[in-house]
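> Got a predicted model here, sequence first, then my questions.
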Amino acid sequence: RIYRYLNLVHLLCYKAKSTWLSELTTEHIVQLGILTSEEAAILEPTSNKKRDTVISWLSAEIQAAMYAGICDSSIKQPCLEMVCRLRGACGTFHDQFATNHPNMW
């Protein structure tokens with residue numbers, strides 16, 4: 001799930017900026033295997049917070065792996081810090097397109 005969630009976060013991040021990706025519906029993303037139909041049902045009502053919702057799922061999966069002993073607890077803090085950085089980077093990416101660029105009049 002972690003790998004799928006990372007791919008889904010990136011897809012959602014670029015979806016608003018890419019003509020090709022913007023054509024993808026939730027059903028297309030399910031068909032691609034990046035999202036399950038159950039996850040799609042949960043994600044659909046989140047409107048403009050889909051990316052943040054998936055990032056929270058990613059964080060929960062990492063924490064569950066730590067608690068289950070799948071991953072060593074020594075990497076918990078670095079992993080969760082990277083999730084925070086991912087969220088910030090995605091937000092920064094979107095903010096770049098919301099600002100007025102002086103050369104685009």
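That came in fine, so what should we check first?
> Ile62 contacts Met82, correct?
No - with contact taken as CB atoms under 8 Å, Ile62 and Met82 are classed as non-touching, separated by 9.1 Å. (Glycine included, C-beta is placed from N, CA and C.)
> higher neighbour count, these two?
Ile62 (20 against 13; other CB atoms under 10 Å).
> element containing that one?
helix 50-67 (DSSP states H and E).
> Ok, Tyr5 next?
Using DSSP H and E, the element containing Tyr5 is helix 2-15.
> Alpha carbons only: can I get that helix in PDB?
Below are the C-alpha coordinates for helix 2-15, written out as PDB (Å, rounded to 0.1, in the frame of the first residue of the first chain):
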ATOM      1  CA  ILE A   2       2.800   2.400   0.800                       C
ATOM      2  CA  TYR A   3       4.100   2.200  -2.800                       C
ATOM      3  CA  ARG A   4       0.600   2.700  -4.200                       C
ATOM      4  CA  TYR A   5       0.000   5.600  -1.900                       C
ATOM      5  CA  LEU A   6       3.200   7.300  -3.000                       C
ATOM      6  CA  ASN A   7       2.300   6.900  -6.600                       C
ATOM      7  CA  LEU A   8      -1.200   8.200  -5.900                       C
ATOM      8  CA  VAL A   9       0.100  11.300  -4.100                       C
ATOM      9  CA  HIS A  10       2.300  12.100  -7.100                       C
ATOM     10  CA  LEU A  11      -0.500  11.500  -9.600                       C
ATOM     11  CA  LEU A  12      -2.900  13.800  -7.600                       C
ATOM     12  CA  CYS A  13      -0.200  16.400  -7.300                       C
ATOM     13  CA  TYR A  14       0.500  16.600 -11.000                       C
ATOM     14  CA  LYS A  15      -3.100  15.900 -12.100                       C
END
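> next helix or strand past it?
Per DSSP H and E, the first helix or strand lying C-terminal to helix 2-15 is helix 19-22.
> Give me the helices and strands touching the helix or strand just after that next one, please.
Past helix 19-22, heading to the C-terminal end, the next element that is a helix or strand (DSSP H and E) is helix 26-31. Using 3 or more CB pairs under 8 Å, 6 or more residues apart in numbering; DSSP states H and E as the contact criterion, the neighbours of helix 26-31 among helices and strands are helix 37-43.
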